[in-house]
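>>> need a structure here:
(one chain, ligands or ions: 1)
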Amino acid sequence: MTPSPGAVQTALAGALPAIEIAGPGRAELRDATEAHGLCGHADALALPRSAEEVAAVLAWCYEHDVALTPRGGGTGFAGGAVPLQGGIVLDLRRMDRVRSLDPALWRAEVEAGVTTATLRRRARENGLLFAPDPGAAEQSQIGGNIATNAGGPHTFKYGATGAWVTGLEAVLAPGEIVRLGGAMRKDVAGYDLRSLLVGSEGTLGIVTAAWLRLIPAPARAYPVLALYPDARAGTAAVRGILAAGVEASAIEYLDNATMALIGGGCPAAFDATLDATDSFAVLAEVDGDEETALRARGDLLEALGDAWEAYAPTAPEEIGALWRWRAGIPYAVQAKRGGKLSEDIVVPLDRLEEAIVGALEIGTRHSLDACSWGHAGDGNLHATMLVNPADRKEVGRAESAAKDLFELASGLGGSISGEHGLGTVKSGHLGMQWENRALDLHEGVKRLFDPKGLLNPGTKAAR
Ligand SMILES: Cc1cc2nc3c(=O)[nH]c(=O)nc-3n(C[C@H](O)[C@H](O)[C@H](O)COP(=O)(O)OP(=O)(O)OC[C@H]3O[C@@H](n4cnc5c(N)ncnc54)[C@H](O)[C@@H]3O)c2cc1C
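Got it, this is the predicted structure:
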């Protein structure tokens, strides 16, 4: 029998006295999707320290028909960690051990609650690289990155999180610990259940640990920030990098509207007569050993030769300042009006210009200030509508604009999400890009893993 909402915390704490159970605070009911005004409700917060404890909580939920929402760092942009249907928030922050890191074998085994920054630091200290670099790295967790298959600027060369996962330890309904893959680098023995869990947004199981691939860290990385008059010239430059055969590690862009908002803070030393805030920016990087990276830098500068101007720092502190400026875009843009709705649509690379221009037109149609930036090499936009979160009418218009952005992306042969997933805010929209048969399979997979529908209900629904 389902306990009444008030009784859930007491019953759970009574049944599982060894596990830390608390009342959820304001922070545990939200994620980075703040401007939607999304705030969930939950009956209890569970803070397990081991896979066994996670299994015990899920088993209790299955026995009592109580919903469970897994939570990592809460940096998701799709409302996936927001418990909209009550129940228990399962917070993985206490599972933060690096179980092993073998520098000589280029691999690590880490618990789900290890933050992105911690793992990247630990790898770097050992001369290695864990490449996935979503923003908010100090807060986001490996489990959350796996659950969203998070990307980042360097996904262009190195792939999204899933490309680094060789094995998962997960808790599946009705409360069993299952290992899929492991420390081996290849495994094609069964269906690829590991990849099915990657990007499943906490709807199929709870990731408790992962075996990850690492690579030797490139000795040098050289970025170039090039300015163009508009999206046409800027996106042509992006294609030009590929056509020239330059193996860039990252190719990012900031459209004219974004540069107008934040270009003033750009640390690049441009010609004083050039107004960077009136430009379209392409930020690309090459890496490798000293000789390779320097040669590639030359090739990159040549490929970007039509730019108004290009800034190509080589000093580590200047390079660091440039990437910090890039990482600060979401915060700086948000600060302009207090809020923003950002949709991570993705299109084939040859449709990028249409998507960037289209996003601005959608903003105009809905009387909103719009801008976009993102991972140009992957055709991935962060198409953004600026809002005052207190103005619910404006937020409503931005939500309508988001639907138009999804139409735009699918109309251009792309997808409604390149990085953040469907979460709760895009749940039910998959039909815009998938045929019915595929939607049926999506629902069938969910039923197979979670027959009672208790794992993160309302998230990543196909219809
Ligand atoms: C400033 C900023 C910049 C960002 N830049 C990028 C970017 O460049 N690329 C990108 O891809 N994303 C980006 N993001 C989005 C976000 O950081 C990533 O999606 C991140 O991977 C989410 O991790 P998290 O631990 O915060 O997960 P949460 O937000 O806590 O959860 C996200 C989803 O994963 C599920 N989940 C969390 N942990 C687990 C687990 N252990 N097992 C099962 N399910 C789980 C949750 O239920 C939820 O559905 C950015 C966010 C911010 C705030």
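>>> can you give me the strands in the stretch 351-463 of the chain?
370-375, 380-387 (DSSP state E, counting those that start in this stretch).
>>> out of these, nearest to the ligand?
strand 370-375 (7.2 Å; C-beta to the nearest ligand atom). Just so you know, the C-beta spots here come from the backbone N, C-alpha and C atoms, and that holds for glycine as well.
>>> Next, the contact list for the residue in the stretch 301-450 of the chain that the ligand sits nearest to, please.
Using C-beta to the nearest ligand atom, the closest approach of the stretch 301-450 of the chain to the ligand is made by Glu419 at 3.3 Å. With contact set as C-beta atoms under 8 Å, 6 or more residues apart in numbering, Glu419 has these partners: Pro134, Thr148, Asn149, Ala150, Gly151, Ala160, Asp344, Val346, His375, Asn380.
>>> Swap in 6 Å and give it another go.
Going by C-beta atoms under 6 Å, 6 or more residues apart in numbering, Glu419 touches Gly151, Asp344.
>>> Let me know the pLDDT of it.
We have a pLDDT of 95 for Glu419.
>>> Throw the strands of the stretch 351-463 of the chain into TSV and include mean pLDDT and distance to Ala44, thanks.
TSV is the format used below for the strands of the stretch 351-463 of the chain (pLDDT from 0 to 100; distance: least, C-beta to C-beta, whole Å):
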stretch	mean pLDDT	distance to Ala44
strand 370-375	98	38
strand 380-387	97	33
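>>> need those in TSV with mean neighbour count, can you?
Output for the strands of the stretch 351-463 of the chain, formatted as TSV (neighbours: other C-beta atoms under 10 Å):
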stretch	mean neighbour count
strand 370-375	26
strand 380-387	27
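>>> Nearest to Ser200, out of the ones you listed?
Nearest to Ser200, of all the strands of the stretch 351-463 of the chain, is strand 380-387, at 19.9 Å by C-beta to C-beta.
>>> any idea which residue sits dead centre in the protein?
Geometric centre of the chain, nearest residue: Ala150, 3.7 Å, by C-alpha atoms, centre = their mean.
>>> Go ahead and confirm it touches Gly162.
No: using C-beta atoms under 6 Å, Ala150 is not in contact with Gly162; the gap is 9.2 Å.
>>> ok, the residue lying closest to Ala67 once chain neighbours are set aside - contacts?
Once flanking residues are discounted, Ala67 sits nearest to Gly87: 3.1 Å by C-beta to C-beta, 6 or more residues apart in numbering. When contacts are counted by C-beta under 6 Å, 6+ apart, Gly87 touches Val66, Ala67, Leu68.
>>> swap in Leu274?
Glu309.
>>> So which bits of the stretch 201-350 of the chain are right by the ligand?
Proximity of the stretch 201-350 of the chain to the ligand, by C-beta under 6 Å from any ligand atom, involves residues Glu201, Gly202, Ile206, Val207, Pro330.
>>> Can you tell me how far the residue nearest to the centre of the chain is from the ligand?
Distance, Ala150 to the ligand, using C-beta to the nearest ligand atom, to the nearest Å: 3 Å.
>>> That residue and Cys266: what is the separation?
26 Å (C-beta to C-beta, to the nearest Å).
>>> Same check on Leu448?
50 Å.
>>> Tell me which of those two has more neighbours.
Set Leu448 next to Cys266 and count neighbours by other C-beta atoms under 10 Å: Cys266 wins out with 22 against 11.
>>> Do I have it right that that one meets Asp275?
No: taking contacts as C-beta under 6 Å, Cys266 lies outside contact range of Asp275: 11.1 Å.
>>> so what's the closest residue to Thr364 other than its chain neighbours bridging to?
Closest residue in space to Thr364, ignoring its immediate chain neighbours: Ala370 at 7.3 Å, by C-beta to C-beta, 6+ apart. With DSSP bridges as the criterion, Ala370 is bridged to Met385.
>>> Provide a list of residues in contact with Ala370.
Counting by C-beta under 6 Å, 6+ apart, Ala370 touches Ala359, Leu360, Gly363, Met385.
>>> how many neighbours does Gly127 have?
Gly127: 12 neighbours (other C-beta under 10 Å).
>>> got it, and Gly305?
Look at Gly305: counted by other C-beta under 10 Å, it has 12 neighbours.
>>> follow-up on the earlier one: shared neighbours of Ala150 and Gly162, anything?
Taking C-beta under 6 Å, 6+ apart as the contact criterion, no residue touches both Ala150 and Gly162.
>>> quick revisit: any idea how far the residue of the stretch 301-450 of the chain closest to the ligand is from Pro267?
The gap separating Glu419 from Pro267 is 25 Å, by C-beta to C-beta.
>>> Likewise for Arg71?
On the measure of C-beta to C-beta, Arg71 and Pro267 end up 35 Å apart.
>>> ditto for Gln139
Taken as C-beta to C-beta, the span from Gln139 to Pro267 is 24 Å.
>>> Next up, the contacts around Thr203.
Leu455, Asn456, Thr459, Lys460.
>>> which among those are in contact with the ligand?
Filtering the contacts of Thr203 for proximity to the ligand by C-beta under 6 Å from any ligand atom leaves Asn456, Thr459.
>>> Nearest to Ala42 among the contacts of Thr203?
Comparing the contacts of Thr203 against Ala42 with C-beta to C-beta places Asn456 closest, at 11.9 Å.
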